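Undergrad: need a structure here:
(2 chains)
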Amino acid sequence: MFDLNEKISKWHSNLAQSQTFEKVDIDELETHLREEIESLKCLKLSDEEAFLVATYRLGDTARLSDEYAKINRGKRFRQNVSWMITGILTYLLATHFATAVSKDCVLFAANSGITGYRGLGFIGFGSQILTLIATFFLGYFICRLILQIPGFKKQIKQLTTRMLLLTVLLVFVIMTAVYRAAFHIPVPGFRPMNIQQHIVQALTYTKFLLSVFLPVILVMVLIKLRKPNLHEVDT
Amino acid sequence: MAISKDLVAASATPLVLSILSEGENYGYAIIKRVHELSGSQMQWTDGMLYPVLHRLEKQKLIQSKWRESKTGRKRKYYQIKKKGTNALKEQQNQWKVVYSTLRQLWENEPCLT
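TA: Here you go, the predicted structure:
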């Protein structure tokens, strides 16, 4: 049995894969396709015949994609930069998480009586690598799982993506703050410090600021790069 | 008789601008109008109209808005802007020159008629 809606949504996702179309472009083409199909059906064509004729008249995907690529040049650039920034953010997040976990593991090990450079070093290094890999895989699977929920993609496009990004950012900043405060920042005491201690302190603060503000800047750029796909609808 | 691709491409801008100068319209209806006016002799691949529309929109000759039609279908309506009307006038003048040049040549050539 020929399912027209299924065929159209397949055609839709086929266009979406070519990445040169903005979402509104495909919506516009789909409106066209549906109107053409309707008028063909008035001429007593079956669903299948109408679909075939209408898609033929609209032109094949490769040629359409080429034409749209000429006018949507900015899209590919935005997409590439978005992926790059997402990559950097993920890396930052994962390394951060891994470092924090490995510190905890070392502390825990030290408290449970393991001593010596080798033992603790091994635990620190091993846990860091494992957490790093685990974070990447976990992130990957969570993303895949989320994207499989029907209709979710549409919803997150609007508002939730931003919320999601902000939440990730918030978690990141809190983690950074706690972890830096707990382990790293030398308490600026009243005792006199020598020049080296001053340098170390300055560097630590710089690192701290960078680790907080770099992700903030990256997320801002990411949000800015997302072109909102809102249809303005008047009635 | 099918009109050559180059000629179709060259005439796309003045055609679209002229149709929009009659009033706002959406892609599907624009194509239907071209078919109707040309007696189906101008065969556009339907999808190729939209890149033309988007290009004109980028050049700020036309503007667009999504709106719900009476049947409840969401359509993207295009409207000509002042800059577009001026561009159309310019195009009209150019096409008139081309047309009158060709006509003069062809009128003096009895073999063709």
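
Undergrad: worst-scoring helix or strand of chain A, pLDDT-wise?
TA: Lowest mean confidence among the helices and strands of chain A (mean pLDDT, DSSP states H and E): helix A:152-155, at a mean of 58.

Undergrad: quick one, what contacts residue B:14?
TA: By CB atoms under 8 Å, 6 or more residues apart in numbering or on different chains, the residues touching residue B:14 are B:88, B:91-92, B:95. All C-beta spots, glycine's among them, are computed from the backbone N, C-alpha and C.

Undergrad: which strands and helices lie in contact with the helix ranked longest in chain B?
TA: In chain B, with assignment by DSSP state H, the single longest helix is helix B:82-107. Judged by 3 or more CB pairs under 8 Å, 6 or more residues apart in numbering or on different chains; DSSP states H and E, helix B:82-107 is in contact with helix B:5-21.

Undergrad: need the residues that contact the helix or strand following the helix it packs on.
TA: The C-terminal neighbour of helix B:5-21 among helices and strands, as given by DSSP states H and E, is strand B:25-26. Outside strand B:25-26, the residues within contact range by CB under 8 Å, 6+ apart are A:31, B:19, B:33, B:75-78.

Undergrad: farthest pair within the residues you listed?
TA: A:31 and B:19 (17.8 Å; CB to CB).

Undergrad: any buried residues in stretch B:9-22, and which?
TA: Buried positions in stretch B:9-22, judged by neighbour count with 16 or more other CB atoms under 10 Å in any protein chain shown: B:11-20.

Undergrad: if any of the contacts of residue B:14 are buried, put those into a ChimeraX selection.
TA: To isolate the buried members of those in ChimeraX, using 16+ other CB under 10 Å:
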select /B:88,91
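
Undergrad: take the contacts of residue B:14 and lay them out in JSON lines including pLDDT.
TA: Formatted as JSON lines, these follow (pLDDT from 0 to 100):
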{"residue": "B:88", "pLDDT": "94"}
{"residue": "B:91", "pLDDT": "93"}
{"residue": "B:92", "pLDDT": "94"}
{"residue": "B:95", "pLDDT": "95"}
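
Undergrad: CSV for the contacts of residue B:14, including distance to residue A:197?
TA: Listed next are the contacts of residue B:14 as CSV, based on distance: CB to CB, whole Å:
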residue, distance to residue A:197
B:88, 74
B:91, 75
B:92, 79
B:95, 80
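
Undergrad: quick check, central residue of chain B?
TA: Closest residue to the average C-alpha location of chain B: residue B:15 at 1.6 Å, with CA atoms, centre = their mean.

Undergrad: who wins for most neighbours among the contacts of strand B:25-26?
TA: residue B:78 (23 neighbours; other CB atoms under 10 Å in any protein chain shown).

Undergrad: who's that residue bridged to?
TA: Note on residue B:78: beta-bridge partners by DSSP bridges are residue B:25, residue B:64.

Undergrad: need the residues of chain B near chain A, please.
TA: Contact residues, chain B versus chain A (CB under 8 Å from any CB of the partner chain): B:26-28, B:45-48, B:50-51, B:54-55, B:58, B:65-68, B:73-76.

Undergrad: what subset of these is buried?
TA: Applying 16+ other CB under 10 Å to the residues of chain B next to chain A flags B:26-28, B:45-48, B:50-51, B:54-55, B:66-67, B:75-76 as buried.

Undergrad: state the pair within the residues you listed that is farthest apart.
TA: Maximum pairwise distance among these (CB to CB): 25.6 Å, between B:45 and B:67.

Undergrad: the domain parsing of chain A - what is it?
TA: Chain A resolves into domains spanning A:4-71, A:73-225 when parsed by automatic domain parsing.

Undergrad: what's the end-to-end length of the shortest one?
TA: This points to domain A:4-71. Distance between the two ends of domain A:4-71: 30 Å, counting by CA to CA, to the nearest Å.

Undergrad: let me know the average pLDDT across it.
TA: Domain A:4-71 shows a mean pLDDT of 87.

Undergrad: that domain close to chain B?
TA: Yes: counting by CB under 8 Å from any CB, chain B has neighbours in domain A:4-71: A:24-25, A:27-29, A:31-32, A:34-36, A:57-59, A:63-64, A:67-68, A:70-71.

Undergrad: give the buried subset of those residues as a ChimeraX selection command.
TA: The following ChimeraX line selects those of these that are buried, judged by 16+ other CB under 10 Å:
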select /A:24,25,27,28,29,31,32,34,35,36,57,58,59,64,67,68,71
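
Undergrad: just the pLDDT for the residue sitting nearest the centre point of chain A.
TA: With distances taken as CA atoms, centre = their mean, residue A:86 lies nearest the centre of chain A, 5.2 Å away. The score at residue A:86 is 79. That number is its pLDDT.

Undergrad: three-state assignment of the residue nearest to residue A:25 when sequence neighbours are not counted?
TA: Of all residues not flanking residue A:25 in the chain, residue A:68 sits nearest, at 6.1 Å (CB to CB, 6 or more residues apart in numbering or on different chains). Of the three states, residue A:68 takes helix according to DSSP: H, G, I helix; E, B strand; the rest coil.

Undergrad: my guess is residue A:68 contacts residue B:52, does it?
TA: No: Residue A:68 is beyond contact range of residue B:52, at 11.3 Å (criterion: CB atoms under 8 Å).
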